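A.B. asks: Next one to model:
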Amino acid sequence: MPNAVIQIRDLKKIYKMGDSIVKALNGVTFDVERNEYIAIMGPSGSGKSTLMNMIGCLDTPTSGDYYLNGSSVSQMDDNELAAIRNREIGFVFQTFNLLPRTDCLQNVELPLIYSGMKSSERKERARETLEKVGLGDRTHHKPNELSGGQRQRVAIARALVNNPSILLADEPTGNLDTKTGVEIMELFEELYRAGNTILLVTHEEDIAEHARRVIRLRDGVIESDRKTQLATS
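C.D. replies: A predicted model of the protein is given here:
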């Protein structure tokens, strides 16, 4: 697929737990096109967290192939994986994972420090990205001075600041009340409409319906892969 940012072919991940073998992923194949908005769902133990770790270059498969922007990730060593994570992938976590003693600007700057960008350019890019998520007036606030929704916006800004190929969001509304969760999903919608490729892991059906495609896993295989109403309306 020429427009695919992600190509996954027969991906398997097998863990040995004592004498038993667990097939966390058991032959998963799919593509993600540029500017797709996909939700990955499944019960506990379905393999969705393992798949997320593979796509996020936090783990490598036992067998199968994973191509990110045409590069074969499956064969990369730890240093190569770290470099591609920083360059190509923006992570958004349920627990925000912000540094508590640094302000919003410094939290958002962090990925740019690893990429070697000079300080003045970093600060400007971080400031612009905070503006994008509606927090231009909170640059010098620390995480404990922000609401849960604002913290998640900072985390989203940090994920976006490197202009990554894909945005990976793991239960991004899991620690938020319903109203704030809706606001965060509206922000994801804006990012999708602006051209970002988004993969969202969630347990919640109503959250998944914000995406344009839902991939359901069960027992390490894809149970279904369908377009949502938003994609067909």
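A.B. asks: State the distance from the residue nearest to Tyr192 when sequence neighbours are not counted to Phe188.
C.D. replies: Spatial nearest neighbour of Tyr192, chain neighbours left out: Tyr37 (4.5 Å); criterion: C-beta to C-beta, 6 or more residues apart in numbering. C-beta: built from backbone N, CA, C; applies to glycine. Using C-beta to C-beta, to the nearest Å, we find Tyr37 at a distance of 8 Å from Phe188.
A.B. asks: anything in contact with each of these two?
C.D. replies: 198, 200, 210 (C-beta atoms under 8 Å, 6 or more residues apart in numbering).
A.B. asks: all helices for the chain, in order.
C.D. replies: 48-55, 78-88, 104-114, 119-132, 148-160, 178-193, 205-208, 229-232 (DSSP state H).
A.B. asks: tell me the angle the third one makes with helix 78-88.
C.D. replies: Right, the one you point to is helix 104-114. 130 degrees (axes from the mean of the first three to the mean of the last three C-alpha atoms, to 10 degrees).
A.B. asks: Over to the first one?
C.D. replies: Between helix 48-55 and helix 78-88, the angle formed by their directions is 90 degrees, by the same axes, to 10 degrees.
A.B. asks: Run through the neighbouring helices and strands of helix 48-55.
C.D. replies: For helix 48-55, the packing partners by 3 or more C-beta pairs under 8 Å, 6 or more residues apart in numbering; DSSP states H and E come out as strand 4-17, strand 20-33, strand 37-41, strand 166-170, strand 198-201.
A.B. asks: Mind putting those strands into TSV with distance to Thr62, mean pLDDT and mean neighbour count?
C.D. replies: TSV is the format used below for the helices and strands packed on helix 48-55 (distance: least, C-beta to C-beta, whole Å; pLDDT from 0 to 100; neighbours: other C-beta atoms under 10 Å):
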stretch	distance to Thr62	mean pLDDT	mean neighbour count
strand 4-17	5	94	16
strand 20-33	8	94	17
strand 37-41	20	96	23
strand 166-170	21	94	23
strand 198-201	21	95	24
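A.B. asks: And those: which comes nearest Arg85?
C.D. replies: strand 166-170 (9.9 Å; C-beta to C-beta).
A.B. asks: which residue is nearest the middle of the chain?
C.D. replies: Leu168 (0.7 Å; C-alpha atoms, centre = their mean).
A.B. asks: Check whether it really touches Ile89, as I assumed.
C.D. replies: Yes. Using C-beta atoms under 8 Å, Leu168 is in contact with Ile89, at 5.9 Å.
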